Every structure is written in C-alpha cells, then in structure tokens.
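A.B. asks: Give me the fold of what follows.
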Amino acid sequence: MPLLILSLADFGVFSLSFLAAYGLRFFTDIYFLFPPPEPPYIPNLLSYINLAVVIGIIGVIVFERIGLYERRVGLDRQVQIGSFILAILVTYIFLMALLFNYRGFSFSRLTVGLAIPLTCGAIVIEEILLQWTQRLLIQKGIVFQKTVLIGPLDRCLQINQKLQEHHGSKFQLIGYINTPESPPKNHPLLPCLGSVNHLDSILRRHPIDNVIIAMPPTNLHAIVEVMRTCLDRRISYRVIPELYELLGQRLSVVEVPSLPTILFGETPLDDIGRLCKRAMDIVLSSMMLLVAMPLMVVIAILVRLDSKGSIFYIQERVGSDGKKFYIYKFRSMIDQAERDTGPKWATANDPRTTRIGRFLRRYNLDELPQFLNVLRGDMSLVGPRPERPYFVDKFKEEIPNYMRRHMVKSGITGWAQVNGWRGDTSVTERTEYDIYYVENWSLLFDLKILWKTLTSFKNAY
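C.D. replies: Residues are numbered from 1 along each chain as shown. Next comes the predicted model:
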C-alpha cells in the first residue's frame, strides 16, 4: 500500500506540474513576452492533458528504475533531494526525445522548460507532505515495517519502550525471539515467536521485513549465525551498538527515535551512483553491440560449422538480490556437455571445449552476447560474475558472507576476474574480491576494472 501511495503521488506531481506549466505559458504575462510562433495561439487543453498523463507514467517508471522506491520505510524515502532532481531531469529528457519523434501535434518547448522547475518544487512539497502523513499515521498506530527483536525478554522490552517514545516508531514489532540462555516467555506487548535456533523457519512463517539483534556480546557465534540467516533470506538487520567492536562488516549508524542502531546491508552504490552506472551500462553496451555485430555474425557461423548444437548457450544464473535470470553466451562446449557429469566448472584444457570454443574462451569472445543482458538490465558491465543456482546454494552454506556479493548486479567482468580469480580457482578468494568490490564501489573503480579487462586474460579458459 505505501508503494501504491508513493507512485500515485508522484504521478500526480508530474501531471499537475506539467498542466501548471501549460497555464503559466499561455495564461500569464509569459504569453506576451514569448508569443507563440504560429496559430492556434492557445493550443488545445485536451492534448496537454493527454501529454500530462504520459509524463506522469514516464516519471513513475524512471523513479522505479532509478531506485527511489527501494530505500524507504513506509512513505519515508530515505534519499537525497539531488536524486529526485536528477530523476526529474531524466524524465523530461525522455519526454523531449518522444516529442522530437512525434509528428501529430507541436507541443510548446517552453511549457516543457517551465515544467521542470515546477516539478522539482512540487516534489519537495510532496516529500514534506508525505513525511507529515507518515508521522500522523505513526501516531495513530499505523506502522510500516514488520520487525522482530532477538534477545532476552527484558532487553527486548527496553528496546520496545524506546521505539514507542515520541508517538511511536516506523517499526511494527510483531514479537521477539528468545536466546538459548533465556527461557521463552510471552508478554502482552511482545509475544515469543520461538527460539533463535529456529530462526530460519520463523522467518519463513512470518512476513518479517527487519530484524533487530539485541543479544549480549557473549553470544558472538549465535549473532554471526543470525546475520548469515538474514543475509541468505535478504532481510535487513540492525545491531545494538554495544556489539560494534565485535563486527567487521561495512556498516552505518542509523538513528531510530531515541535508539541508535547499526545498519548492515547498505553499499556505496547510492541512487545517483546507480543511475550513473546504469547510464554507463546502456551507452557502452550499445556501442559494443554495434561495433561487435559483424564479429558476432562471424562467430555464430564458426560455432555452427565447428560442432553440432545451438549457436547460443542459455543458462539460468542468480543475480542481484538472489533474482534469477537467463544469461546468453556463444556455445563453446560440445552439445549437452553436462549431461553425464551434472553442473561442473570449466578447467584448463577441458575436453568438453570445442576447437572454436577454446579460442572464444581464451579471449572472452564467448561472452559478447551478454551485452544483451546488460541492455535488458539483468546484468551490469562490472560486478561479481553470476553463478548458477546449484553453486549459489552450495557456496552460501560453505563460505561466510557469500550472499553479500549478490547485493549489486552481476557483471560481465569484475574485480575478482581481472585479478585472475576465475574459472577453476579458489571460490573463497574470489568471494573476498567480490565483497571488496561491493563495499568499495565507485565509478572510477568500474572504469579501472574495464581497462584491466581489456589488457588481461589471466585464467581465461
């Protein structure tokens, strides 16, 4: 419901701002300062109403693609105002591109120009009103994030009291989970959902959005297990700061009313960074597909002539947030290569590799079709390489923090690959490089990896 309210509010802001710009353009002194070049001097309002609806739809889609609906608690979008302005500019750039190719009616460019600052101002007012609405709903007891506490009952009750100060909080406590040394006790304010030893099954049974860990520091092993379970199920978790010195992950301190917490699961890839990265993906992958198209045609012919089977190899992989997608590659192995062995990594001098396949894998040419995955938004140019579900399920049980590599989009190339950790090499070392990339991302870092990709083919087979 909060997401629906946000999208409808954004749709209204874009549409009404554009209609307000229409009114300013044709019914104020601006009309006389910049008279229309040709009749009709006052264009048809219905045409502008239709265009306002289109702008509203485009704006909501852009907001969703940039991620302005992701970092939120209820109606509170926890993003910088610069991210909104950038998204608005992108929306109107798309609009201008559509109008440039539209021949049915000549819309006023000045109206579009006036709509941009009006929309920016309206978005600021909208955010203020939404936050005011959220505070009002919180005061009425309507909250947005279903939360469970993990720890002794007396400690959980203290936290609950803190959360309920200042007319409530954004967290709807549905209960607590007791630790092994504290016997389960039900309380009128906090029912016991079970023991921390059965956390995974509890998270499956209840629609939980957030976990607050209030366990004593002496339970370090249990705390780590809770973190791993939350990571595997992609549930945000917060830790009471007294555990700070015992932890080594990237973290940030977040102020909940009267209760500072440590937030895990965030990356440097913020909204503006995500937009810049996506723009770079679209531009560079489009250029690569255009430049490489003749080569891809030649490769397709050679693959077909070299061995029987399909030209392309399509396989299910796991990407960001554990979402599955299908990856495209030129087939470099014999047809049905894993029919007898099951899922298996390629190795040096792999007998399953075809003659043309060895050449393609040596120079990464078999991965050229993955630029289509990048354009579709399944992947990025740079990021941890996507693995098959079989291996993800296996490694997340064996390698600590393995699922952190899935907090960003998978990539055609990555920090681990350019450092030689690819193919049949240590998965643990590769994961450490992937996590380093996730926690230290920057646009310059991506460019550095792309450059090293062009100059290194270490362990490519």
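
A.B. asks: Isn't S15 up against N50?
C.D. replies: No - distance between S15 and N50: 10.4 Å, which falls outside the contact criterion (Cβ atoms under 8 Å). Any C-beta I mention is one placed from the backbone N, CA and C, and that applies to glycine too.

A.B. asks: between those two, who's got more neighbours?
C.D. replies: In terms of neighbours (other Cβ atoms under 10 Å), S15 is the more surrounded of S15 and N50; the figures are 20 against 12.

A.B. asks: Is the more buried one in a helix, a strand, or coil?
C.D. replies: The local conformation at S15, judged by DSSP: H, G, I helix; E, B strand; the rest coil, is helix.

A.B. asks: Start at 37, not 1
C.D. replies: Okay, residue one is now 37; in that scheme the one you just asked about reads as S51.

A.B. asks: And it, how close does it get to L40?
C.D. replies: With distances taken as Cβ to Cβ, to the nearest Å, S51 is found 16 Å from L40.

A.B. asks: just L185 next, same as before
C.D. replies: As it turns out, when the distance is counted by Cβ to Cβ, L185 lies 29 Å from L40.

A.B. asks: Same drill for these two, tell me which one is more crowded.
C.D. replies: With other Cβ under 10 Å as the criterion, L185 and L40 differ in neighbour count, and L185 comes out ahead with 28 against 8.

A.B. asks: which is the next helix or strand following the longest helix along the chain?
C.D. replies: Looking only at the chain and at elements set by DSSP state H, the helix with the highest residue count is helix 307-342. Heading C-terminal from helix 307-342, the first helix or strand you meet, by DSSP states H and E, is strand 348-354.

A.B. asks: From the rest of the structure, what touches that following strand?
C.D. replies: Outside strand 348-354, the residues that touch it by Cβ atoms under 8 Å, 6 or more residues apart in numbering are 360-369, 402, 405, 422-425, 428, 442, 446.

A.B. asks: can we see that at 10 Å?
C.D. replies: 336, 339, 359-369, 371, 373-374, 379, 393, 402, 405, 408-409, 414-415, 421-429, 432, 439, 441-442, 446 (Cβ atoms under 10 Å, 6 or more residues apart in numbering).

A.B. asks: For it, which residues meet the burial criterion?
C.D. replies: Using 16 or more other Cβ atoms under 10 Å as the test for burial, strand 348-354 gives Y349, R353, V354.

A.B. asks: In terms of distance to C228, which of the residues you listed ranks first?
C.D. replies: Within those, distances to C228 taken as Cβ to Cβ reach their minimum at V354, with 34.4 Å.

A.B. asks: ok, and the closest non-adjacent residue to that closest one?
C.D. replies: Once its chain neighbours are removed from consideration, V354 has its nearest residue in V428; the separation is 4.7 Å (Cβ to Cβ, 6 or more residues apart in numbering).

A.B. asks: one step back: just the mean pLDDT for the longest helix of the chain, thanks.
C.D. replies: Per-residue pLDDT values over helix 307-342 give a mean of 88.

A.B. asks: Please apply the same query to stretch 427-435.
C.D. replies: Per-residue pLDDT values over stretch 427-435 give a mean of 87.

A.B. asks: mind listing what's buried in it?
C.D. replies: Using 16+ other Cβ under 10 Å as the test for burial, stretch 427-435 gives V428, F431, K432.

A.B. asks: Which members of the residues you listed occur in helices, if any?
C.D. replies: Counting by DSSP H, the members of these that fall within helices are V428, F431, K432.

A.B. asks: Can I get those residues in CSV including distance to I102?
C.D. replies: Listed next are these as CSV, based on distance: Cβ to Cβ, whole Å:
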residue, distance to I102
V428, 27
F431, 31
K432, 29
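
A.B. asks: Tell me the one among those nearest to E468.
C.D. replies: Ranking these by separation from E468, with Cβ to Cβ as the measure, puts F431 on top at 12.6 Å.

A.B. asks: contacting residues for the residue lying closest to the closest one once chain neighbours are set aside?
C.D. replies: Of all residues beyond its chain neighbours, the one nearest F431 is Y438 (4.9 Å), with distances taken as Cβ to Cβ, 6+ apart. Counting by Cβ under 10 Å, 6+ apart, Y438 makes contact with 264, 267-268, 423, 428, 430-432, 463-464, 467, 470-471.

A.B. asks: what do you get if the cut-off is 7 Å, keeping everything else the same?
C.D. replies: Residues in contact with Y438 (Cβ atoms under 7 Å, 6 or more residues apart in numbering) are F431, K432, T467.

A.B. asks: my guess is the second one contacts D268, does it?
C.D. replies: Read that as K432. Yes - the pair formed by K432 and D268 meets the contact definition of Cβ atoms under 7 Å, at 5.8 Å.
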